[in-house]
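K.L.:
Sequence isn't available, so here's the structure alone:
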């Protein structure tokens, strides 16, 4: 279970925004004529703070327009087990739904969304100017679909995958957190981690994650992409084959196995540990360094607020590999649903206008400034990046540096869950336990994906 | 010649038909009462099951058009290493049936000899059975946790172990733990059935045996066991079927890992159904599970009856 945003939440006064567009204002004016839109969300479930922020955003929207939001608090399981897809295919399509972009491919494939590219012309100028930088990222995420690849809008970005280290361990091991962190290559990582383990107070120099889920979406894809570029992604450019048996993935899995089994720089049970376990090991001082997703920032802030506040836990971007990329965008998305089959055109037009107004508010500088603290996301609207309050621990700079060094995100292939987790996860874990060699594991996982998904 | 056989056959069928009609006329109310159960079995159990077999012959996605695939789902499974790892895990996991049998029989025999507090003992034995498997799974996960579990702590403190055992990263240890925890969690059903059967044995039988100088072991073998044969069949059959379909506790404790080492067939089916929504493959696994359950139960009953007949001969 991931947890988002926790520390230092900024005040959420219901002040008006400075939207330039005609649709949303402070005078209660609206193009939608007082309609109700339905929103299915997942982001609220990350933490109480995340829930409160979405609630206040909705309140602000309702106060500023005559519209209202029917907010349905959903859960990830309903996306993964096909419940959403089934409901939408039966005509129950919400005006807005929020989930990870990598889970939205099936909705795009079934024509259950209104393409984001059609909405962009209706957004405020300030929003458009602040968000167009991400068009390439969206194109890369949805490139397997025909037409304009900007299918679904980002709510914000989880940048994969920052280093996190104990600054006090660096000091005790005779290392300098300013110059020795973050490591700039795999070889440097091994050197630093070995010194930390041998000279520092911790038991493990660098904690890797071996549980099937986290093996597939934390350190591995970041390193693989930074090493092999597009060859290190999950599926190829045409989306008709997996790349899990590419050299980039094999090398990366080999490196993870090496850290765990050969160099023993990670905990003995790393073949089954998660990124949350790594956070706990960092907090209790057993581990000196790891790479954990930004989604864990809330967990760290909740369990070790002092370490987060005073910079004992330091964040740093992952290295630029041979491909020149630092990492990947794990996009939290907000999609506009398609017109439900039994909805009249006039009703739909009202709801669509109301939805655009909501998106304008959501992407406005006023709201976007707060999504880092509230939701743990790098804002979609780049205009506010400079305004996000910096912290001693370097998390904001890390997220921005990673974003500036990345172009690709987890792809939104309709069968992404199978390709990314369900099929390869247990097989890759067999490499971590020593049951298979890394090369065998990559070959077998890719073969199984071809047999089950691409046959 | 052929015409004579045909005539004889039709006469025979005619008699049978008349007999069936006569029976139905005589016992129509009894059959009427049976009808709802019959309809339930046909429409809720057998029709979906047969449809499931049909689905197993297709690529049957959650969304989209099913595609005829013949026996490809089965050939895929039979050529897929993790499937056999899963069958192996299931076979090991099923050995908890034997452990449950031993625990249940031992406890019910011990409880039989109690003259006081027998109700309390019954309660102590049976209350854990009311706990959901995920609760007992959580308890055991805590007890066996390598870093913070009390058992591992005690083993380390007392010097029996020099370092904690990370059992979830070792396939053999993981399936062993699952089997032992499963046996502990589900043995009480057997106790309930054995205890009921034992309480039905008249005391006179034991008194007679004692008069003839039978030892405790002889009393058990010659008096108790013959009365428990029916209970044995029920307990083993029920436990085979119930243990084969266990998913929640193994899934909670190991998520089927490491790798596929604890992915019992139920977990494989769960993954194909809920994670991958590959219903054709899921039903192929389900059908194989059904055959295994039926086969194991049939074999057990046949061997048990054969043993009974040999003993009585």
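P.N.:
In hand now; what should we look at? As the structure is a prediction and not an experimental result, all values here were calculated from the model.

K.L.:
going forward, measure contacts and count neighbours with C-alpha atoms only.
P.N.:
OK.

K.L.:
By proximity to chain B, which residue of the stretch 351-455 of chain A wins?
P.N.:
residue A:426 (4.2 Å; C-alpha to the nearest C-alpha).

K.L.:
That residue against residue B:258, yeah?
P.N.:
Yes. If you go by C-alpha atoms under 8 Å, residue A:426 and residue B:258 touch, sitting 7.0 Å apart.

K.L.:
Next to chain A in this structure, residues from the stretch 1-150 of chain B, please.
P.N.:
B:62-63 (C-alpha under 8 Å from any C-alpha of the partner chain).

K.L.:
contacting residues around the closest residue to residue A:257 other than its chain neighbours?
P.N.:
In this structure, residue A:257 finds its nearest non-sequential neighbour in residue A:432, 5.4 Å apart by C-alpha to C-alpha, 6 or more residues apart in numbering or on different chains. Going by C-alpha atoms under 8 Å, 6 or more residues apart in numbering or on different chains, residue A:432 touches A:210, A:256-257, A:260-261, A:270-271.

K.L.:
quick revisit: got a list of what the residue of the stretch 351-455 of chain A closest to chain B touches?
P.N.:
A:212, B:257-260 are the contacts of residue A:426 under C-alpha under 8 Å, 6+ apart.

K.L.:
Are we agreed that residue A:334 is in a helix?
P.N.:
No. Read with DSSP: H, G, I helix; E, B strand; the rest coil, residue A:334 is strand and lies in no helix.

K.L.:
Any idea what it is bridged to?
P.N.:
Assessed by DSSP bridges, residue A:334 has beta-bridge partners residue A:98, residue A:153.

K.L.:
What separation is there between it and chain B?
P.N.:
23 Å (C-alpha to the nearest C-alpha, to the nearest Å).

K.L.:
Count residues in the vicinity of that residue, would you?
P.N.:
Neighbour count for residue A:334, taken as other C-alpha atoms under 10 Å in any protein chain shown: 25.

K.L.:
just checking, what packs against the longest helix anywhere in chain B?
P.N.:
Longest helix in chain B by number of residues (criterion: DSSP state H): helix B:279-312. Packing partners of helix B:279-312 (3 or more C-alpha pairs under 8 Å, 6 or more residues apart in numbering or on different chains; DSSP states H and E): helix B:47-55, strand B:58-59, helix B:72-78, helix B:225-244, helix B:265-270.

K.L.:
buried residues in the first one?
P.N.:
When burial is assessed from 16 or more other C-alpha atoms under 10 Å in any protein chain shown, helix B:47-55 yields the following buried residues: B:49, B:52-53, B:55.

K.L.:
And the next helix or strand past the strand or helix carrying residue B:119?
P.N.:
In this structure, residue B:119 is located in helix B:118-126 according to DSSP states H and E. Per DSSP H and E, helix B:118-126 leads on to helix B:133-143 as the next helix or strand towards the C-terminus.

K.L.:
Which strands or helices does that next one pack on?
P.N.:
helix B:150-157, helix B:171-186, helix B:248-254.

K.L.:
Excluding its own residues, what touches that helix? List them.
P.N.:
Here helix B:133-143 has contacts from B:148-152, B:181, B:185, B:248-249, B:252-253, using C-alpha under 8 Å, 6+ apart.

K.L.:
Equivalent analysis for stretch A:100-118, please.
P.N.:
With C-alpha under 8 Å, 6+ apart as the criterion, stretch A:100-118 contacts A:79-80, A:85, A:88-89, A:93, A:141-142, A:145, A:148-154, A:330-333, A:335-339, A:410-417.

K.L.:
go again using 6 Å as the cut-off
P.N.:
Contacts with stretch A:100-118, where a contact means C-alpha atoms under 6 Å, 6 or more residues apart in numbering or on different chains, come from A:150-153, A:331-333, A:336-338, A:410-414.

K.L.:
And that stretch, what's buried?
P.N.:
A:100-108, A:112-117.

K.L.:
Ends of that stretch, what's the gap?
P.N.:
Distance between the two ends of stretch A:100-118: 20 Å, counting by C-alpha to C-alpha, to the nearest Å.

K.L.:
per-residue pLDDT, the nearest residue to residue A:238 once chain neighbours are set aside?
P.N.:
Setting aside the residues directly before and after it, residue A:238 is nearest to residue A:144 in space (C-alpha to C-alpha, 6+ apart), at 5.9 Å. Predicted confidence (pLDDT) for residue A:144: 93.

K.L.:
Tell me if residue A:144 really is in a helix.
P.N.:
No. Counting by three-state DSSP, residue A:144 is located in no helix; its state is coil.

K.L.:
That one: neighbour count?
P.N.:
20.

K.L.:
Tell me the pLDDT of the residue of chain B found nearest chain A.
P.N.:
Chain A sits closest to residue B:259 of chain B, with a gap of 4.2 Å, by C-alpha to the nearest C-alpha. If you check residue B:259, the pLDDT there is 93.

K.L.:
OK, contacts around it?
P.N.:
Residue B:259 touches A:426-427, A:429-430, counting by C-alpha under 6 Å, 6+ apart.

K.L.:
excluding its backbone neighbours, what's nearest it?
P.N.:
residue A:426 (4.2 Å).

K.L.:
host element of the one you found?
P.N.:
With DSSP H and E as the test, residue A:426 turns up in helix A:424-432.

K.L.:
what comes up buried for that helix?
P.N.:
For helix A:424-432, by 16+ other C-alpha under 10 Å, it's A:424-432.

K.L.:
Save the residues you listed as a markdown table, and put in pLDDT and distance to residue B:124 too.
P.N.:
Below are these laid out as a markdown table (pLDDT from 0 to 100; distance: C-alpha to C-alpha, whole Å):
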| residue | pLDDT | distance to residue B:124 |
| --- | --- | --- |
| A:424 | 96 | 44 |
| A:425 | 95 | 41 |
| A:426 | 94 | 39 |
| A:427 | 96 | 43 |
| A:428 | 97 | 44 |
| A:429 | 96 | 41 |
| A:430 | 95 | 41 |
| A:431 | 97 | 44 |
| A:432 | 96 | 42 |
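
K.L.:
And for residue A:324, nearest residue in space, chain neighbours not counted?
P.N.:
Nearest to residue A:324 is residue A:226, by C-alpha to C-alpha, 6+ apart, at 6.4 Å.

K.L.:
Against residue B:113, how distant is the one you found?
P.N.:
71 Å.

K.L.:
Next: residue B:270.
P.N.:
44 Å.

K.L.:
Of the two, which one has the most company?
P.N.:
More neighbours surround residue B:270 than the other of residue B:270 and residue B:113, with 20 against 9 (other C-alpha under 10 Å).

K.L.:
Show the model's pLDDT score for that one.
P.N.:
Value for residue B:270, per-residue pLDDT: 93.

K.L.:
Check residue B:5 too.
P.N.:
Residue-level pLDDT assigned to residue B:5 equals 67.

K.L.:
same thing with residue A:255?
P.N.:
98.
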